[in-house]
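Q: predicted model and sequence follow; I will ask about them next.
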Amino acid sequence: MLAYAAQQIARGSGAAGPLQHLGALNVLRSYVAGGLQQRESSRSFSTGNDHRHSSLYITDTDGKVLGHTPLLIGLVNYFERHLPYVGYYAPVGGSANPEKGTHPMDNQLRLIHDAFELKYDLKSMFCVSEDEAVREVAAGKRGDLVDRIYAAFQGYKEMHDMVIVHGTSVGSGRFDAEIASAIAAPAVIACQAKDQSLNDIARKVMMKKVMLDDYKVPILGVCLNKLPVFDSNIMITQLKRKFSEAGIPFLGAFPEDKLLRGVRLDELLPALNAEFMFGSKVQLDQEYSAVYVASQRLEELLELMANDGDTRPLVITSRDRLDIVLGLLASQVSVAGPNVAGILLTQAGFGNGRTYAHSIMSRMFEGLSKYYQGSLLPIMSTDLPLYEAVRRLDRVTGAVLPTSSRKIQHCKNLFDHCIDANQLVAGLEKEEALITSSKRVTPKMFAHSIKTKCLANQQHVVLPEGMEPRVIKAASEVTSRGLAKITLLGDPTAVAAEAKKLGADISECRIIDPKVRFSKLVS
């Protein structure tokens, strides 16, 4: 019946092709509404040149995939070694304009796009903004939203050999599973292990497995993040056993990492509305290990820093403390001086606009840069008072930005060291072989393929029983989507009245009364 309906709609015959079986009509309406539940399927990875296209869906047990940056960076980096076109896609993005947005997902998209110099622009890397997705789900239009995501993703996937798909926190975990099922992408379960007991981790992973199994999403494995270092071996051994009993491969675990947790100097600039003034910009890609508020005398500050050994602090002081700036600059130029990450200058006095020897410092740094071969201490400035700058600084957390070259490389190294990529790829290839051999397609894939054929060669379908409510609703949906030209048979006045009762728009349908047409033919 399904093939019959598809044939009647997509057959390339320019003449009218009556679809006179209500069962076929019901099939037509069911695929238009996205309500097919069976998975008979056939997923194809080939285009005209038999090129394969794969995807991998990353879903978190708590819906917070943003916390798994090492895994996401590592996956893109790994597949780029073996495939020419690797993409990154988020069904639900952050803001509508990710290039200038401040949403965490905007930052994530910019990070992957810029770090790997992806070919296509940021707006092609997501389907809808988070606000729009929340509104659609709240309005009960989840099915329509999944339809949009599927269609947009298919276009993006066709341009890549492999696409890493970033899960969403919108809706429940089932919505994440529904998207993975619709786009026919096998999943990797990611789980945060920090401050979690072994039983908590196992319970969350098992709950996510149940959701994915409900939507028949293949699970390629589980990956842990921020696993405590002190008892990691014991936890990994026990979790491997639990996951193995549940049939879930264990791919590996990222440990809690000091470098990734650290805050870089250039991360402070937007957080404190600060600007870079003097010194070496290269050192902005460095982390600081402590914060010193320099309100004491210079000699006391130097003694404190000398006693703290290998600490690499950020020193905060007001703009009028030129003695602190000169003293720390001299200590950095000296081989024996304490190691300082940078200096942050805050508002001095009551913000009277004084520059406090800005021109003198500028000439000093310019002169030093000509003769000093090493990198100079970076100096930043903010208009915030000292107290407010320290308060905001306390809320800044470490992040991986497109400019975080050290952290990005560290993520790649961690992935290579901690994750069993061979096991992941073996599972992915096995799943693709099963999909190809079983000719499996998801309902969304089937609906999308028929819709594409219909739009490419629009046909004229004549539907009898024009007063039947299901026929009227189906005709309304088909014409509103531009899938076919519809002619309804029945009394025009009665059919229009019935459509009005049903709230169905049949303005694009042609209505013919067969009794009138028959009487004219007879006469």
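A: Received the coordinates, thanks.
Q: average pLDDT across stretch 74-85?
A: The predicted model assigns stretch 74-85 a mean pLDDT of 89.
Q: one more: stretch 239-248?
A: 92.
Q: what comes up buried for that stretch?
A: Using 16 or more other CB atoms under 10 Å as the test for burial, stretch 239-248 gives Leu239, Lys242, Phe243, Ile248. The C-beta positions use only the backbone N, C-alpha and C, and glycine is treated the same way.
Q: so what's the gap between the helix or strand where the third one lies and the chain middle?
A: In this structure, Phe243 is located in helix 232-245 according to DSSP states H and E. In this view, helix 232-245 has its centroid 29 Å away from the chain centroid, taken as CA atoms, centre = their mean, to the nearest Å.
Q: what mean pLDDT does whatever helix or strand Ser181 lives in get?
A: Assigning secondary structure by DSSP H and E places Ser181 in helix 173-182. Averaged across helix 173-182, the pLDDT comes to 90.
Q: now the element after it, going C-ward?
A: With elements assigned by DSSP H and E, the helix or strand that comes after helix 173-182 is strand 187-192.
Q: tell me which residues in the helix or strand that comes right after that next one are buried?
A: Next along the chain after strand 187-192, taking DSSP H and E as the criterion, comes helix 198-214. Neighbour-count burial for helix 198-214 flags Ile201, Ala202, Lys204, Val205, Lys208, Lys209, Met211, Leu212 (criterion: 16+ other CB under 10 Å).
Q: flag the shaky bits of the stretch 51-200 of the chain, pLDDT-wise.
A: Along the stretch 51-200 of the chain, the model assigns pLDDT under 70 to residues 51-53, 65.
Q: which residues in it form strands?
A: Using DSSP state E, counting those that start in this stretch, the strands of the stretch 51-200 of the chain run over 54-60, 86-92, 126-128, 162-166, 187-192.
Q: now the angle from the fourth one to helix 173-182?
A: This points to strand 162-166. Angle, strand 162-166 to helix 173-182, by axes from the mean of the first three to the mean of the last three CA atoms, to 10 degrees: 170 degrees.
Q: just checking: what are the partner strands of strand 162-166?
A: strand 54-60 (parallel), strand 86-92 (parallel) (DSSP bridges).
Q: cool, the last one as well?
A: According to DSSP bridges, strand 187-192 has the following sheet partners: strand 54-60 (parallel), strand 219-227 (parallel).
Q: out of those, nearest to Thr168?
A: Closest of these to Thr168 is strand 54-60, at 8.7 Å (criterion: CB to CB).
Q: ok, residues contacting the closest one?
A: Strand 54-60 is contacted by residues 45, 65, 67-68, 71-72, 75, 89, 153, 157, 161-167, 169, 173, 176-177, 179-180, 183-192, 208, 212, 217, 220, 428, 432 when judged by CB atoms under 8 Å, 6 or more residues apart in numbering.
Q: tell me the spacing between Gln409 and Asn225.
A: Counting by CB to CB, to the nearest Å, the separation of Gln409 from Asn225 is 18 Å.
Q: got a list of what Pro91 touches?
A: By CB under 8 Å, 6+ apart, the residues touching Pro91 are Phe126, Cys127, Val128, Ile149, Phe153, Val165, His166, Gly167, Thr168, Ile179, Ile183.
Q: tell me, how many residues neighbour the third one?
A: Look at Val128: counted by other CB atoms under 10 Å, it has 21 neighbours.
Q: correct me, but it touches Gly94?
A: No: at 10.5 Å, Val128 and Gly94 do not qualify as touching, with contact defined as CB atoms under 8 Å.
Q: so for the residue lying closest to Asp320 once chain neighbours are set aside, what pLDDT did the model give?
A: Nearest residue to Asp320, sequence neighbours excluded (CB to CB, 6 or more residues apart in numbering): Ala348, at 4.0 Å. For Ala348, the pLDDT comes out at 78.
Q: how about Asp505?
A: pLDDT, Asp505: 86.
Q: so it, which state does it fall into?
A: coil (DSSP: H, G, I helix; E, B strand; the rest coil).
Q: among Gln409 and Asn225, which residue is more densely surrounded?
A: Applying other CB under 10 Å to Gln409 and Asn225 shows that Asn225 carries more neighbours, namely 21 against 13.
Q: neighbours around Lys485, how many?
A: Lys485: 16 surrounding residues under other CB under 10 Å.
Q: hang on, it packs against Cys454?
A: No: the pair Lys485 and Cys454 does not pass the contact test of CB under 8 Å, sitting 10.6 Å apart.
Q: do you know how far the residue nearest to Asp320 is from Arg319?
A: Per CB to CB, Ala348 is found 4 Å from Arg319.
Q: for these two, indicate the residue with more neighbours.
A: Neighbours were counted for Ala348 and for Arg319 using other CB under 10 Å; Arg319 has more, 20 against 17.
Q: pLDDT wise, what is the more buried one at?
A: The model reports Arg319 with a pLDDT of 85.
Q: my read: Leu212 touches Ala180, true?
A: Yes: between Leu212 and Ala180 there is a contact at 7.0 Å, judged by CB under 8 Å.
Q: identify the contacts common to those two.
A: Shared contacts of Leu212 and Ala180 (CB under 8 Å, 6+ apart): Thr59, Ala187.
Q: what's the spacing between stretch 146-166 and its chain's center?
A: Its chain's C-alpha centre and that of stretch 146-166 lie 12 Å apart, by CA atoms, centre = their mean.
Q: quote the end-to-end distance of that stretch.
A: Using CA to CA, to the nearest Å, the end-to-end distance of stretch 146-166 comes to 15 Å.
Q: what comes up buried for it?
A: Within stretch 146-166, the residues that qualify as buried are 146-150, 152-154, 156-157, 160-166, counting by 16+ other CB under 10 Å.
Q: what angle do the host helix or strand of Asn413 and strand 219-227 make?
A: Here Asn413 sits within helix 405-418, counting by DSSP H and E. Interaxial angle of helix 405-418 relative to strand 219-227 (the same axes, to 10 degrees): 120 degrees.
Q: quick one: mean pLDDT for helix 405-418?
A: Rounded mean pLDDT across helix 405-418 is 89.
Q: repeat that for stretch 252-259.
A: What stretch 252-259 shows for mean pLDDT is 88.
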